[in-house]
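Novice: Structure of the sequence below:
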Amino acid sequence: MNIIVLYGGLSPERDVSRSSGTMAYNALKRLGHNAVMMDLFFGYTHPYEKPEDVFSQNAQEAAAAIGESAPDLKALIASRGNGRASRIGDNVVEICRAADLVFLALHGADGEDGKIQALFDLEGIRYTGSGSLASAMAMNKGVAKELFAHNGIRTPAGIVVKKGCEPYDNVGFPCVVKPRSGGSSVGTSVVFEQKDYLPALELAFESEEHAIVEQYIKGRETDVGVLDGKALPPIEICPKSGFYDYKNKYQANMTDEYCPADFPPEITQRLQQAAVNAYNALMLEVYGRMDFIVDEQGLVWCLEANTLPGLTPMSLMPQEAAAAGMDYDAFIAAIVEKSMEKYDQN
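Specialist: Residues are numbered from 1 along each chain as shown. Below is the predicted model of the structure:
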């Protein structure tokens, strides 16, 4: 098939997205597809006569390393230099229309919030993963938490705080403060005292005007991927210092990860069932990854859902797939196959 691997965009997670896209691109090529990488923000800048020509041009970029902190988006916008306000680069929609499938390797804003999915739905463009509504609900952590609670999925107590609406409420301390629609722990803080609360909110507000403030649950951090409605083995995440922030997620030797996680069978079963329940509550499709804390009493708390989980060398869901006997290429092939099936069924 002719497949566009769409990555980048204007998200703090664009470096992670580029790494995910490169990994997926290489796998798709090994699987025999005509794959082309394209940055959502910068578009396709190589000359062509017809959109379908790009699949034979083999014009690719080298993978970029993921830094210790999120990229400077203002500098990125300035570097495009054409003064256009659009968050979508030149030729993106035209070339995606010519593809058999768009493999979404986007993370965060524009990619996981349902916007690009809604545009592609209107344009009749096929893409991997969940649809626009499911993506939007999962990305908005306030909405996701309400759906979790409504469907009997245990989740930490939390509130949505809007920038400028002072005095700011809280849920008590310790608590976790994070952007309402962020990812990769960008702008996230664990707050133990009142004096650190306002600085944590200000950090979250750098990303957007709403923050989630939720109860801090002490316990073992774990993730469970769901592929085609079936849960994969849980993976436990143990940062060597601090919490599982951007640096600990993407820099080598900062975090120990264990897959399958060493939980008693009954807790593993509860984690996997909660992951499937969250997947269904948010109406996800094809694949997704749910984040959990298992507390000291063995209770399972669902924190959030990721509709386009990372595919980088450090990412969690590929490790879970491997623990289930599925190597990286087979995992990517399954995403493509199940994504095509959702269109064949409609």
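Novice: helices or strands next to the one helix or strand Glu221 maps to in the packing?
Specialist: Using DSSP states H and E, Glu221 falls within strand 219-227. Strand 219-227 sits against strand 235-239, helix 265-281, strand 287-295, helix 316-323, helix 328-344, with contacts defined as 3 or more C-beta pairs under 8 Å, 6 or more residues apart in numbering; DSSP states H and E. From N, CA and C alone the C-beta is placed, and that goes for glycine too.
Novice: That one vs helix 316-323, what angle?
Specialist: 70 degrees (axes from the mean of the first three to the mean of the last three C-alpha atoms, to 10 degrees).
Novice: And the helices and strands packed on strand 219-227: which comes nearest Ile217?
Specialist: Of all the helices and strands packed on strand 219-227, strand 287-295 sits nearest to Ile217, with 4.4 Å by C-beta to C-beta.
Novice: Who are the packing partners of the closest one?
Specialist: Using 3+ C-beta pairs under 8 Å, 6+ apart: strand 287-295 touches strand 219-227, helix 265-281, strand 300-306, helix 316-323, helix 328-344.
Novice: Let's have these in CSV, adding mean neighbour count.
Specialist: Formatted as CSV, those follow (neighbours: other C-beta atoms under 10 Å):
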stretch, mean neighbour count
strand 219-227, 23
helix 265-281, 19
strand 300-306, 23
helix 316-323, 22
helix 328-344, 17
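Novice: Figure out which of the helices and strands packed on strand 219-227 is closest to Leu122.
Specialist: helix 328-344 (14.9 Å).
Novice: ok so, going back, show me what the strand holding Glu221 is in contact with.
Specialist: Applying C-beta atoms under 8 Å, 6 or more residues apart in numbering, the contact partners of strand 219-227 are 231-238, 244, 261, 263, 271-272, 274-276, 279, 284, 286-296, 301, 309, 316-317, 320-321, 331, 334-335, 338.
Novice: Figure out how far that strand is from the centre of its chain.
Specialist: 14 Å (C-alpha atoms, centre = their mean, to the nearest Å).
Novice: what's the angle from that strand to strand 235-239?
Specialist: Going by the same axes, to 10 degrees, strand 219-227 makes 140 degrees with strand 235-239.
Novice: Now do the residue in the chain sticking out farthest from the centre against Leu6, distance only.
Specialist: Most distant from the centre of the chain: Glu49, at 34.3 Å, with distances by C-alpha atoms, centre = their mean. Look at Glu49 and Leu6: by C-beta to C-beta, to the nearest Å, they are 22 Å apart.
Novice: Same question for Ile77.
Specialist: 19 Å.
Novice: quick one: which of those two has more around it?
Specialist: Leu6 (27 against 14; other C-beta atoms under 10 Å).
Novice: Contacts only, for that one.
Specialist: 21, 38, 40, 92, 96, 102-106, 111, 116, 127.
Novice: want to throw the residues you listed into JSON lines with secondary structure and distance to Glu209?
Specialist: Output for the contacts of Leu6, formatted as JSON lines (DSSP: H, G, I helix; E, B strand; the rest coil; distance: C-beta to C-beta, whole Å):
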{"residue": "Gly21", "secondary structure": "helix", "distance to Glu209": "29"}
{"residue": "Met38", "secondary structure": "strand", "distance to Glu209": "30"}
{"residue": "Leu40", "secondary structure": "coil", "distance to Glu209": "23"}
{"residue": "Val92", "secondary structure": "helix", "distance to Glu209": "27"}
{"residue": "Cys96", "secondary structure": "helix", "distance to Glu209": "30"}
{"residue": "Val102", "secondary structure": "strand", "distance to Glu209": "30"}
{"residue": "Phe103", "secondary structure": "strand", "distance to Glu209": "31"}
{"residue": "Leu104", "secondary structure": "strand", "distance to Glu209": "26"}
{"residue": "Ala105", "secondary structure": "coil", "distance to Glu209": "27"}
{"residue": "Leu106", "secondary structure": "coil", "distance to Glu209": "22"}
{"residue": "Gly111", "secondary structure": "coil", "distance to Glu209": "20"}
{"residue": "Ile116", "secondary structure": "helix", "distance to Glu209": "21"}
{"residue": "Tyr127", "secondary structure": "strand", "distance to Glu209": "28"}
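Novice: Good, wrapping up.
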